[in-house]
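S.K.: Got a predicted structure here, sequence first:
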Amino acid sequence: MIIDTHAHLFYEDIVKDIDSVLERAAESGISRIIIPAVDYKTSIRTLKLCDKYEMLYGAVGFHPCDIKETNPDDIKLLEELTSHHKIVAIGEIGLDYYWDKTYIDKQVFFFKEQMELAKDKNLPVIIHTRNSTSDAVEIIKQSYNEKLKGQFHCFSGNETDLNEILKLYGFYLSYCGNATYKKFGDLNSLLNTPVERMLSETDTPYLTPEPHRGRKNEPSYLKYTLKKIAELKNIDNNVLEETVYNNCMKLFFTI
Ligand SMILES: [Zn+2]
């Protein structure tokens, strides 16, 4: 069994097709999918999808690229949504220095506040970083206690970042379909990430793995990424799938 911990299924062009997307996912061995929201509107859409489909779970949160119009009071709105029984995380949250560096203070503020909310609600965090991993790790270290746990989704930090994260008990990392590309930039990090600290994700609809690169990504393609990771790390694909599945269950479904 496989869990896709990161699929943005709330986009309209996916929702119109969702029955067949989920059918193909189930046929490919996917048992559960987590939808991470990026703002309040997509958090509501995520809840609605979770209500309708058994295999879907959600994360509510404000993405660093979507907080320009967000107010500190909006954290209260998020908090209300966390009482829904299928909300399994706060996310995605974090820092992004790639798209816009003009409001970093605001990014840091929401990152910290949402980590506090996660600790309060005993939920893991789903972390997005782009050109900002070292700063994110520093901020997490300030907020860190035994209640804080989470996932570095689509990890793209360097080896120093990786080693710092591995010291934080309860934190996991995951890699996306770009791991199947010839020019995959984060190979060293992937090779040095122990399978015991790894999760599985697609980042649907982005980062489609080979052999479907160029098309819209979907959860059923996750198997290609896992197969490639097993190959790169020179381990048995079944062992990888089973270990990673257990990690996903442990972090998000507290077994
Ligand atoms: Zn995402």
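M.R.: Yes, it's here.
S.K.: Show me what the strand or helix carrying Leu78 is packed up against.
M.R.: Using DSSP states H and E, the element containing Leu78 is helix 74-81. Packing partners of helix 74-81 (3 or more CB pairs under 8 Å, 6 or more residues apart in numbering; DSSP states H and E): helix 40-52, helix 104-121. (C-beta placed from N, C-alpha, C; glycine too.)
S.K.: how about these in CSV, adding mean neighbour count and mean pLDDT?
M.R.: Shown next, in CSV, are the helices and strands packed on helix 74-81 (neighbours: other CB atoms under 10 Å; pLDDT from 0 to 100):
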stretch, mean neighbour count, mean pLDDT
helix 40-52, 18, 98
helix 104-121, 18, 96
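S.K.: Report the separation between Phe184 and Lys233.
M.R.: The gap separating Phe184 from Lys233 is 13 Å, by CB to CB, to the nearest Å.
S.K.: Now do the shared contacts for those two.
M.R.: Taking CB atoms under 8 Å, 6 or more residues apart in numbering as the criterion, Phe184 and Lys233 both touch Leu190.
S.K.: hmm, back to that, for the helix or strand following the helix holding Leu78, packing partners?
M.R.: Per DSSP H and E, the first helix or strand lying C-terminal to helix 74-81 is strand 87-96. Contact here means 3+ CB pairs under 8 Å, 6+ apart; on that basis strand 87-96 packs against strand 30-36, strand 56-60, helix 104-121, strand 125-130, helix 133-143, strand 150-152.
S.K.: In its sheet, which strands sit next to the fourth one, and in what direction?
M.R.: When you say that, I think you mean strand 125-130. If you go by DSSP bridges, strand 125-130 pairs up with strand 87-96 (parallel), strand 150-152 (parallel).
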